[in-house]
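sequence plus predicted model, see below.
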Amino acid sequence: MFENLAKRWQETRGTGLKAEFVDSVRRLNSLTKVDAERFGQGLSQSYRLWIEKNGPVKQSPESLRKPMTKEFILQARKCFRYDIGVSYALAFISFHLESSYLPGNDAAFVYETTGSYIAGAHELCKVMGKSSMLDVERHLKTMNYRLTPYGAGFVALSLAGGYSPGEVASRIVVLTSALDAKEAEKDLDKLAMSVFHAGEIIKILGELESIGQIRTDIAKHDTGAIWGIANLSVERKEWIETVLSDPSVGKERLAIRID
């Protein structure tokens, strides 16, 4: 009985931790270029020092991870006023450590996502605090989509991977369209409207391709996927399943359609 209560409390804490992490991700986009560089450097250096001293996080004793989580939080608060970039870096390390010993899907989400940020720390600081993130949001708004906090993390990692803002926005729309189509599987009104929306999106992607914002091969693939998802044919289900097999989907929504 008491074990079940303890696990439930830990899962509740995991949900709270996820909310804190998502809020921090949302705030990262407002960092200046200097603060973004400090964030990337701090994240990389802090994690490297942990590995050198203690080894892989989940192989370290829980009796070490718990007090160190509190220590990283304390240090993050101390340097917030004079070095906000490093403050966020220390906070992300604390998220990574705490989520490593909490049960549940929310904690697993935080652990995996902070791990992705840590792995791409050097590249992330190059795109944070720049207009490229805003460009993605602008493209999505044109196609009537709004980025979620999880989507913001996806954007940062994709930009760091060398994709243009137009290409990142295009990919998000494809993934979100497939998720929307699956959820509206038996709603005839939504299915009919999806065909209209697909036509608008394909037109916008074509315009982005024509001005060099999306590479031709990516534009061809994504427009084909958008039409395959929206088209009320026997291949539609196969298109949806193929798109949703992407590991980026299924954890959280990347964007929400604005009707």
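The structure has been received and is ready for your questions. Numbers count the residues shown, from 1 in each chain.

shouldn't residue 171 be within a helix?
Yes - read with DSSP: H, G, I helix; E, B strand; the rest coil, residue 171 is one of the residues of a helix.

what sits against the nearest residue to residue 163 once chain neighbours are set aside?
When the adjacent residues along the chain are set aside, residue 163 lies closest to residue 171, with 7.5 Å between them (C-beta to C-beta, 6 or more residues apart in numbering). (Each C-beta comes from the backbone N, C-alpha and C, glycine too.) Residues counted as contacts of residue 171 (C-beta atoms under 8 Å, 6 or more residues apart in numbering) are 158, 163, 222.

so residue 80 sits against residue 89, correct?
No - checked against C-beta atoms under 8 Å, the pair residue 80 and residue 89 is beyond contact range at 11.4 Å.

looking at these two, which is more packed in?
residue 89 (28 against 14; other C-beta atoms under 10 Å).

state the pLDDT value of that one.
Model confidence at residue 89, expressed as pLDDT, equals 93.

ok, it to residue 169 distance?
Remark: distance between residue 89 and residue 169 (C-beta to C-beta, to the nearest Å) = 27 Å.

equivalent analysis for residue 204, please.
If you go by C-beta to C-beta, the gap between residue 204 and residue 169 works out to 9 Å.

and those two? which has more neighbours close in?
Regarding residue 204 and residue 169, a neighbour count based on other C-beta under 10 Å identifies residue 169 as having more, with 31 against 19.

which residues in the stretch 51-200 of the chain form strands?
Remark: strands assigned in the stretch 51-200 of the chain by DSSP state E, counting those that start in this stretch are 145-147.

in it, which spans are helices?
With DSSP state H, counting those that start in this stretch applied, the stretch 51-200 of the chain shows helices at 62-78, 84-100, 105-119, 121-127, 131-142, 149-160, 165-183, 188-210, listed in chain order.

circling back to that earlier point, who touches both of residue 204 and residue 169?
Overlap of the contact sets of residue 204 and residue 169 (by C-beta under 8 Å, 6+ apart) consists of 139, 143.

residue ranges with poor pLDDT in the protein?
Counting by pLDDT under 70, the chain shows low-confidence ranges at 1-6, 29, 122-131, 186-193, 232, 248-251.
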